[in-house]
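A.B. asks: okay, here's the prediction I keep looking at, along with the sequence it came from:
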Amino acid sequence: MTSVLAPVDGAAVGLGAVPDPVFSAGMVGPGTAIDPARAPGNAVAPIDGKIMKLHPHAYVIVGDDGKGVLVHLGIDTVQLKGEGFRLLATEGDRVSAGQPVVAWDPAVIEAGGRSPVCPVVALDARAESVTEVAHGPVHVGDELFRWA
């Protein structure tokens with residue numbers, strides 16, 4: 001059982017609240033989304049593992065068990081080409097859950113006309129393998145969901 005932790009402060013709102021059909025329909029995988037607090041801060045690793053992909057707006061961490069978790073900071077933020085994000089880690093780094101990966105400011109994303117909502121997705125997982133999904137207020141490091 002993998003415990004996936006909240007990478008940002010905010011409110012767990014579910015993937016259905018993500019204004020992007022690829023995420024809201026679960027095409028990327030099951031999980032949830034966080035409507036982040038509108039304050040500058042760090043997005044952290046949701047699990048222990050290796051950073052397999054790292055972009056300013058998104059990252060994938062794969063645990064020793066082979067389970068990969070995607071954290072996507074906002075919607076359509078790839079269009080920003082890194083503006084408003086600062087990398088705090090490097091692709092290939094081993095990280096511990098809770099370790100800062102990217103610094104960002106959700107209010108700046110929103111001010112630019114984009115949604116700051118953050119999908120947190122269990123990649124290549126069956127929907128029924130994700131349980132105990134949090135709803136409502138979450139803080140960095142709180143359990144967001146469990147992945148069997």
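C.D. replies: That came through, no problem. If you're wondering where the values come from, they're calculated on a predicted model, not measured in any experiment.
A.B. asks: from V140, how far out is D20?
C.D. replies: 23 Å (CB to CB, to the nearest Å). Just so you know, the C-beta spots here come from the backbone N, C-alpha and C atoms, and that holds for glycine as well.
A.B. asks: got it, and P36?
C.D. replies: Distance from P36 to V140, by CB to CB: 10 Å.
A.B. asks: more neighbours, these two?
C.D. replies: P36 (26 against 19; other CB atoms under 10 Å).
A.B. asks: what residues are up against G141?
C.D. replies: L5, A6, V44, A97, G98 (CB atoms under 8 Å, 6 or more residues apart in numbering).
A.B. asks: so the fourth one, which of the three states?
C.D. replies: Applying DSSP: H, G, I helix; E, B strand; the rest coil to A97 yields a three-state assignment of coil.
A.B. asks: low-confidence stretches in this protein?
C.D. replies: Applying pLDDT under 70 to the chain flags no residue at all.
A.B. asks: so G112 makes contact with I75?
C.D. replies: No - using CB atoms under 8 Å, G112 is not in contact with I75, being 11.5 Å away.
A.B. asks: neighbour count winner among the two?
C.D. replies: Shown here are G112 and I75; by other CB under 10 Å, I75 has more neighbours (22 against 15).
A.B. asks: residues making contact with the longest helix along the chain?
C.D. replies: Ranked by residue count and defined by DSSP state H, the top helix of the chain is helix 106-111. Helix 106-111 is contacted from outside by 8, 10, 36-40, 73-74, 77, 80, 84, 115-116, using CB under 8 Å, 6+ apart.
A.B. asks: among the residues you listed, which ones are in helices?
C.D. replies: Per DSSP H, the subset of the contacts of helix 106-111 in helices is empty.
A.B. asks: just the element for the spatially most central residue of the chain, please.
C.D. replies: Among the residues of the chain, the one closest to the centroid is V71, at 2.4 Å (CA atoms, centre = their mean). V71 is located in strand 68-72, with elements delineated by DSSP states H and E.
A.B. asks: show me what contacts P100?
C.D. replies: The contact partners of P100, by CB under 8 Å, 6+ apart, come to N42, A43, V44, L88, A89.
A.B. asks: which among these count as buried?
C.D. replies: N42, A43, V44, L88, A89 (16 or more other CB atoms under 10 Å).
A.B. asks: sweet, I'm off.
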